[in-house]
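**Student:** Predicted coordinates and the sequence they were generated for:
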Amino acid sequence: MSVLIVGSIALDTVKTQLEEHADLMGGSATYAALGASFFSPVKLVGIVGDDFPASEFEFWKSRQIEAEGVQRVSGKTFRWSGEYAWDMNTRETRSVALNVFEHFRPELPPSYRETDFVLLANIAPALQSHVLDQMKRPRFVVADTMDLWIETTRPELDALLPRVDLLILNDSEARQLTKETSLIKAGRKIRASGPKYVAIKKGEHGALLFGENEFFSCGAYPLEDIHDPTGAGDTFAGGLAGYLASRKVDPTFADLRRAIISGSVLASFNVEAFSMERLRTLTMPQIAERYEMFRAMSAFDVENLSA
């Protein structure tokens with residue numbers, strides 16, 4: 001099955017302590033779509049200006065990413081510039097130019113409106129709700145959010161949560177949303193506000209997944225070298241949603257556990273190069289190999305400790 005993905009499409013400038021690159025492909029929808037495309041066809045929704053490279057549309061087509069929902073308008077594409085500290089965890093935004101994205105209002109083509117699986121990538125909650133208003137009856141809705149929306153559009157976010165099956169956010173955002181220091185309490189509190197499931201990302205420390213009476217914790221895949229963390233969370237969300245859509249059934253908690261691992265594996269590849277360059281050359285056999293390595297690292301034998 002296809003997954004509908006709506007979010008930002010951007011051109012990035014990224015600086016680390018060793019390198020700097022400009023005019024890189026970026027944006028929450030772009031990373032998520034490429035991540036999802038390894039498992040399922042994608043219906044992409046976004047907006048770009050006339051400075052956006054036409055070659056990217058051809059690349060999307062080659063990766064089963066349908067771009068009928070991408071608006072092409074006069075003006076400049078959304079641009080972001082950021083710099084990472086040595087630890088690659090601390091990031092400073094140097095500049096943001098919303099450009100055509102400032103007036104973006106997602107409108108779904110008729111062929112998109114019956115899509116069963118939806119990923120509302122990181123955009124304003126009001127726009128995420130506007131997308132759902134145009135849908136027939138999606139089978140499973142995943143939504144990502146961030147600290148900006150929690151701080152500035154809390155009523156709109158609160159209205160969205162009951163319409164979401166799985167909410168994805170990071171650890172600091174979970175604490176900000178709930179005023180809880182414990183991530184366990186935070187996850188349960190967010191679930192009580194509407195979403196059926198909650199996934200809390202912990203960066204290099206993995207992720208937590210909360211269900212009604214179920215809980216899952218996984219680590220992150222250990223990497224020796226990280227070149228660019230930009231888009232890792234969006235790639236995680238895309239891989240997760242794409243995996244769920246590939247199952248072609250209503251997701252169970254077991255499906256979500258595997259989806260969390262699939263998203264984590266894709267995110268681990270994403271950070272190995274700037275922008276999406278590693279994802280462009282990535283193959284399914286490489287994904288499967290790392291998935292099995294991840295599984296082997298996380299498995300352990302059960303023995304009777306009281307013996």
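**Tutor:** Noted; the coordinates are in hand.
**Student:** Let me see the mean pLDDT of the helix or strand that Leu119 is a member of.
**Tutor:** Using DSSP states H and E, Leu119 maps to strand 117-120. Across strand 117-120, pLDDT averages out at 99.
**Student:** How about the secondary structure of Trp80?
**Tutor:** strand (DSSP: H, G, I helix; E, B strand; the rest coil).
**Student:** do Ala288 as well
**Tutor:** Going by three-state DSSP: Ala288 is helix.
**Student:** State the mean pLDDT of stretch 291-307.
**Tutor:** For stretch 291-307, mean pLDDT is 80.
**Student:** quick one: buried residues of that stretch?
**Tutor:** Tyr291, Phe294 (16 or more other CB atoms under 10 Å). C-beta: built from backbone N, CA, C; applies to glycine.
**Student:** Ok, stretch 234-245 next?
**Tutor:** Across stretch 234-245, burial judged by 16+ other CB under 10 Å covers Asp234, Thr235, Phe236, Ala237, Gly238, Gly239, Leu240, Ala241, Gly242, Tyr243, Leu244, Ala245.
**Student:** Including secondary structure, could those go into a markdown table?
**Tutor:** Converted to a markdown table, these look like this (three-state DSSP):
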| residue | secondary structure |
| --- | --- |
| Asp234 | helix |
| Thr235 | helix |
| Phe236 | helix |
| Ala237 | helix |
| Gly238 | helix |
| Gly239 | helix |
| Leu240 | helix |
| Ala241 | helix |
| Gly242 | helix |
| Tyr243 | helix |
| Leu244 | helix |
| Ala245 | helix |
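**Student:** those helices in the stretch 151-300 of the chain, which residues are they?
**Tutor:** Secondary structure of the stretch 151-300 of the chain (DSSP state H, counting those that start in this stretch): helices at 154-160, 171-178, 183-192, 232-247, 253-270, 277-281, 284-298.
**Student:** so which of these is the most packed in?
**Tutor:** Comparing the helices of the stretch 151-300 of the chain by mean neighbour count (mean count of other CB atoms under 10 Å), helix 232-247 ranks first with a mean of 28.
**Student:** now for that helix, which elements pack on it?
**Tutor:** With contacts taken as 3 or more CB pairs under 8 Å, 6 or more residues apart in numbering; DSSP states H and E, helix 232-247 sits against strand 3-6, helix 28-36, strand 117-120, strand 140-144, strand 166-170, strand 197-201, helix 253-270.
**Student:** now for the ones you listed, which one comes closest to Ile190?
**Tutor:** For those, the distance to Ile190 is smallest for strand 197-201, at 4.7 Å, taking CB to CB.
**Student:** same for that closest one, what does it pack against?
**Tutor:** Using 3+ CB pairs under 8 Å, 6+ apart, strand 197-201 sits against strand 166-170, helix 171-178, helix 183-192, strand 207-210, helix 232-247, helix 253-270.
**Student:** List the strands paired with that strand, with their directions.
**Tutor:** Here strand 197-201 is paired, per DSSP bridges, with strand 166-170 (parallel), strand 207-210 (antiparallel).
**Student:** Please produce JSON lines containing the ones you listed, extended by distance to Ile123 and mean pLDDT.
**Tutor:** Below are those laid out as JSON lines (distance: least, CB to CB, whole Å; pLDDT from 0 to 100):
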{"stretch": "strand 166-170", "distance to Ile123": "13", "mean pLDDT": "98"}
{"stretch": "strand 207-210", "distance to Ile123": "21", "mean pLDDT": "98"}
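**Student:** I'd like the ones you listed laid out as JSON lines, including distance to Ala29 and mean neighbour count.
**Tutor:** As requested, the strands paired with strand 197-201 are exported to JSON lines (distance: least, CB to CB, whole Å; neighbours: other CB atoms under 10 Å):
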{"stretch": "strand 166-170", "distance to Ala29": "14", "mean neighbour count": "26"}
{"stretch": "strand 207-210", "distance to Ala29": "21", "mean neighbour count": "23"}
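**Student:** Can I get these in CSV including distance to Leu108?
**Tutor:** As requested, those are exported to CSV (distance: least, CB to CB, whole Å):
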stretch, distance to Leu108
strand 166-170, 20
strand 207-210, 29
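**Student:** any idea of the mean pLDDT in stretch 238-245?
**Tutor:** Stretch 238-245 comes out at a mean pLDDT of 98.
**Student:** An error on my part: the question was meant for stretch 148-160.
**Tutor:** Mean predicted lDDT for stretch 148-160 stands at 97.
**Student:** CA-only coordinates of it in CSV, if you can.
**Tutor:** Output of stretch 148-160 as CSV, limited to C-alpha atoms (Å, rounded to 0.1, in the frame of the first residue of the first chain):
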residue,chain,number,x,y,z
LEU,A,148,7.9,25.1,18.2
TRP,A,149,4.4,23.8,17.7
ILE,A,150,4.1,22.8,21.3
GLU,A,151,5.1,26.3,22.4
THR,A,152,3.2,28.4,19.8
THR,A,153,0.2,26.3,18.6
ARG,A,154,-0.7,24.1,21.6
PRO,A,155,-4.5,24.3,21.1
GLU,A,156,-4.2,23.2,17.5
LEU,A,157,-1.9,20.4,18.5
ASP,A,158,-4.3,19.3,21.3
ALA,A,159,-7.1,19.1,18.7
LEU,A,160,-5.0,17.0,16.4
